[in-house]
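Asker: pasting the sequence and the predicted coordinates here, then a few questions.
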Amino acid sequence: MTPSNRERHDMYTTLKLVLFGAALFLLFRGLRLGSLPKTVAGALTGVAGFAFFGLMDIYGEYLWFHSLGYPDRFFTVLFSQVSITLAGGILGWLWLHLATLPIRPQRRLFVWPPRALGALAGMAWGIGQWDTMLLFLNRVSTKTVEPILGMDTGFYFFSLPFYRAIHTLCLTLSWIGLLAILAAYLFIIDKDTIRFRFSPGESESFESELRLKGKAVRRMAGILLLVLAAGKFLARYELLHSELGAVAGAGWTDVHVRLPAYAILVLLTVAAALLLLVDPLGRRLQSRVGSLMKGTGDSTVKYVGAVGICTAVLWGAGLKVVPGAFQWLRVEPNEITYEKPYIEHNIRFTRDGFALQEVEVREFPVSVEFDEELVNKNETMLKNIR
């Protein structure tokens, strides 16, 4: 008697649990007893288990594709997943490698963990976005142009998700790089202790290193602002998914208030980034901010924080407060007048999306006579009337 699919699945799961349980037992027992052979055996058992069951899953996927008659598709998907994951890991490591170059190699805690984290973030991005990249590489035109920004609607299906995925990766790596530089700038690791560099009584023997790392902090913060500006530029296109107005899609406030606000905020964010990236200007403004914000703390951190807070305030005002006020005070009291053309856009594209324009319209003659003969002909239908 052959086992059922359910029994095969249970056997497969049990084998997994037994193998990984044995690996964990050997690993922890080896660490507890200080036995190198047992520790190595546990680690190798775990790695071998992951490799074996990973290959089994891949082989099962191949059998499924082959049974459907698409074995070539399987290899396309597998190659895309592996190559894009590796490319993401390499990009993440390279980004953090360049970001942490100003940190002295002796301070490995602030160098290697961020680079490893960048590589892991890039690989995780590749695992999750390989299909987005394939859609982008095989994009096509829909021959339909939306009326707000004049873009082919294929851009929103294939290109915009890819650009947003790239932006998300760059934003994640920029934050990791900035936090790594800030940690190296603000803290000193001496043997087994971690001290705040600017605490009272701390030595100023690293003055040249401080200037170098202060410049690196400004530069990394400036790069982060440039990435954020790119995100605001992409957000202009995402207004077509807005739900602020009467219907889904861009409304009056989105087109006449939020769209210009995004353009202005992109320019202001780029200008804020230049205040951090252009070194002579950055040092001059940093000294002024430091003199205005007297007290404890470093002038570089104060300057970067001031630029970030001002940028965030501008974003909040331009994208939340002002559009909300226009929508509440101007649009909603006279909504049908302001939103009429955008409601028409919504109806037209809904009809196009469901191919309702291809529905055949017929006219049927209507009789106003209601007699016994009509009742007898439609007896079944009339019995269902409640």
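Answerer: Nice, thanks for sending it over. Residues are numbered from 1 along each chain as shown.
Asker: okay, CA-based contacts and neighbour counts for the rest of this
Answerer: Noted.
Asker: could you list which residues are in contact with P147?
Answerer: Contacts for P147 (C-alpha atoms under 8 Å, 6 or more residues apart in numbering) come out as H345.
Asker: let's see 10 Å
Answerer: Counting by C-alpha atoms under 10 Å, 6 or more residues apart in numbering, P147 touches Y342, H345.
Asker: could you do the one 10 residues further on as well?
Answerer: Residues in contact with F157, defined by C-alpha under 10 Å, 6+ apart, are T132, L135, F136, R139, V140, S141, T142.
Asker: I figured L135 was touching F158, is that so?
Answerer: Yes - contact criterion C-alpha atoms under 10 Å: L135 and F158 qualify, at 5.6 Å.
Asker: can you give me the strands for the chain?
Answerer: Remark: strands assigned in the chain by DSSP state E are 187-190, 193-196.
Asker: which of those strands has the lowest average pLDDT?
Answerer: Of all the strands of the chain, the minimum mean pLDDT falls on strand 193-196 (a mean of 63).
Asker: picking up where we left off before, neighbour-wise, which of L135 and F158 wins?
Answerer: The residue with more neighbours, out of L135 and F158, is F158; 20 against 15, by other C-alpha atoms under 10 Å.
Asker: just list the residues touching the more buried one, thanks.
Answerer: Per C-alpha under 10 Å, 6+ apart, neighbours of F158: T132, M133, L134, L135, F136, L137, N138, R139, V140, S141.
Asker: please name the residues that touch the third one.
Answerer: With contact set as C-alpha under 10 Å, 6+ apart, L134 has these partners: T76, V77, S80, Q81, I84, F158, F162.
Asker: could you give the number of residues near the fifth one?
Answerer: When neighbours are defined as other C-alpha under 10 Å, I84 has 22 of them.
Asker: then the first one?
Answerer: Counted with other C-alpha under 10 Å, the neighbours of T76 add up to 11.
Asker: in helices only, show me the contacts of F158.
Answerer: T132, M133, L134, L135, F136, L137 (DSSP state H).
Asker: CSV for the residues you listed, including pLDDT and distance to F370?
Answerer: What follows is those, written out as CSV (pLDDT from 0 to 100; distance: C-alpha to C-alpha, whole Å):
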residue, pLDDT, distance to F370
T132, 94, 61
M133, 93, 64
L134, 92, 62
L135, 93, 59
F136, 95, 61
L137, 92, 63
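Asker: out of the residues you listed, which is nearest to A216?
Answerer: M133 (32.4 Å; C-alpha to C-alpha).
Asker: dump the residue contacts of that closest one.
Answerer: Per C-alpha under 10 Å, 6+ apart, neighbours of M133: S80, I84, G126, R139, F158, S159, P161, F162, Y163, A165, I166.
Asker: filter these to the buried ones?
Answerer: Buried subset of these (neighbour count, 16 or more other C-alpha atoms under 10 Å): S80, I84, G126, F158, S159, P161, F162, Y163, A165, I166.
Asker: out of those residues, which are inside helices?
Answerer: Short answer: the buried ones among the contacts of M133 in helices (DSSP H) are S80, I84, G126, P161, F162, Y163, A165, I166.
Asker: so where is the stretch 51-200 of the chain shaky, pLDDT-wise?
Answerer: For the stretch 51-200 of the chain, the stretches with pLDDT under 70 are 105-107, 189-200.
Asker: what's the pLDDT at Q327?
Answerer: At Q327, pLDDT is 90.
Asker: quick one, what contacts the closest residue to it other than its chain neighbours?
Answerer: Spatial nearest neighbour of Q327, excluding adjacent residues (C-alpha to C-alpha, 6 or more residues apart in numbering): T253 at 6.1 Å. Listed by C-alpha under 10 Å, 6+ apart, the contact set of T253 reads 244-245, 259, 322-328, 330-331, 338-339.
Asker: next: H241.
Answerer: Y156, A235, A248, G249, A250, G251.
Asker: PyMOL command for the buried members of those?
Answerer: Of the contacts of H241, the buried ones can be selected in PyMOL as follows, counting by 16+ other C-alpha under 10 Å:
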select buried, resi 235+249+250+251
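Asker: R330 against E339, yeah?
Answerer: No - the criterion here is C-alpha under 10 Å, and R330 misses it with E339 at 11.4 Å.
Asker: the more surrounded of these two?
Answerer: A direct count of neighbours by other C-alpha under 10 Å for R330 and E339 places E339 higher, at 20 against 13.
Asker: so what's the more buried one up against?
Answerer: G245, A246, V247, A250, G251, W252, T253, V331, E332, H345 are the contacts of E339 under C-alpha under 10 Å, 6+ apart.
Asker: redo that, cut-off 8 Å
Answerer: G245, A246, G251, W252, V331.
Asker: for the stretch 51-200 of the chain, what spans make up the helices?
Answerer: 71-99, 112-137, 153-154, 160-186 (DSSP state H, counting those that start in this stretch).
Asker: G128 and L268, how far apart?
Answerer: Relative to L268, G128 is positioned 32 Å away (criterion: C-alpha to C-alpha, to the nearest Å).
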